[in-house]
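In: here is my input; please provide its structure:
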Amino acid sequence: MTQPSSIALHTSALNSLPLLARGKVRDNYAVGDDRILMVASDRLSAFDVIMGEPIPGKGELLTQMALFWFDKLGHICPNHLTGDAPESVVSPEEAPQIRGRSMLVQRLKPIPVEAVVRGYLAGSGWKEYQDSQSVCGVPLPAGLTNAAKLPEPIYTPAAKAAAGEHDENITFEQTVAIVGPELAAQIRDLSIAIYKAAAEIALTKGMIIADTKFEFGLAPDGTLVLMDEVLTPDSSRYWPVEGYEAALAAGQNPPSYDKQFVRDWLEQAQVNGKPWDKTPPSPRLPQAVIEKTAAKYREALERLTSQ
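Out: Take a look at the predicted model:
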């Protein structure tokens, strides 16, 4: 495992390739018409707002974690990696900027559905369950508590929103209307299979994957391919097994390997003497919050890749 660089990258600036898009975390560049260079920056978004301060090393840690999972799960579903070195498509001067934080991937036709799988009741799922005893239209048994393990993982898709908007939870029937019955069923079944396999591996490392989201695309020949990033703390809720039972018994959220430090700080942050309204610009993150968040991402990768 390579050590992350100490120099943070908030926004990449490559001149040798055309920029396709900048997301919350990733900058995507076109490599011809059939490949994309995905560069994971050190940007962090919370409440759908990109923070002004980067988290040093985050992009490299996320990339290493995604590559770990692509390697472990390739037998279940093909992924978008080309196997080519990202440094091979940029100028020598630009190589240090992308080293360790990039993936050179197939260009696919993205499917406009976020494939969300939940193995535990948490976050918005817990809120919804309290109101309706169901999550995204999936009925669940009575008597479940916050952070409870579900009898079986459930598939609760979301419709991808435009940049800056919130993804919207939808039912499986709505995904059928978007992509057709065969593809909708294939995405659902593959997502649950990938989640189950990953959750089993993570548990051997003392980590619980409470929920996650996958993105898929179609290759030119119609093959369904796992794309974007996979099973990182940006797209998944990871809990250490230590402390889980105590949190469950108390009805509390277990400690998590993600940007919870940032969210907690922002919830009490003030701008001009008033609570921050969760619209840009964000308050400046204190150094202590940045360092704690970086340490959490680092710890998650180290636990996962330990022998």
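
In: residue 54 - that's part of a helix, no?
Out: No - per DSSP: H, G, I helix; E, B strand; the rest coil, residue 54 lies outside any helix segment and is coil.

In: for it, what are its contacts?
Out: For residue 54, the contacting residues are 8, 9, 10, 41, 42, 43, 44, by Cβ atoms under 8 Å, 6 or more residues apart in numbering. Every residue, glycine included, has its C-beta placed from N, CA and C.

In: try residue 286
Out: residue 265.

In: what does the one 10 residues further on give?
Out: Contacts of residue 296 were listed using Cβ under 8 Å, 6+ apart, and they are 233, 257, 258, 260, 261.

In: which intervals of the stretch 101-250 of the chain have sub-threshold pLDDT?
Out: 161-166 (pLDDT under 70).

In: how about the strands in it?
Out: 102-106, 109-110, 113-120, 134-135, 138-139, 149-155, 158-159, 168-169, 207-218, 224-227, 236-240 (DSSP state E, counting those that start in this stretch).

In: how far does the last one sit from its chain's centre?
Out: When you say that, I think you mean strand 236-240. 11 Å (Cα atoms, centre = their mean, to the nearest Å).

In: what packs against it?
Out: strand 207-218 (3 or more Cβ pairs under 8 Å, 6 or more residues apart in numbering; DSSP states H and E).

In: check the residue sitting furthest away from the middle of the chain and give its pLDDT.
Out: Centroid-distance maximum for the chain: residue 273 at 33.0 Å, with Cα atoms, centre = their mean. According to the prediction, residue 273 has pLDDT 91.

In: picking that back up, need the strands of the stretch 101-250 of the chain in a markdown table (columns: distance to residue 192 and mean neighbour count).
Out: As requested, the strands of the stretch 101-250 of the chain are exported to a markdown table (distance: least, Cβ to Cβ, whole Å; neighbours: other Cβ atoms under 10 Å):
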| stretch | distance to residue 192 | mean neighbour count |
| --- | --- | --- |
| strand 102-106 | 24 | 23 |
| strand 109-110 | 20 | 12 |
| strand 113-120 | 6 | 24 |
| strand 134-135 | 14 | 18 |
| strand 138-139 | 12 | 14 |
| strand 149-155 | 5 | 16 |
| strand 158-159 | 16 | 16 |
| strand 168-169 | 17 | 15 |
| strand 207-218 | 10 | 22 |
| strand 224-227 | 13 | 22 |
| strand 236-240 | 15 | 23 |
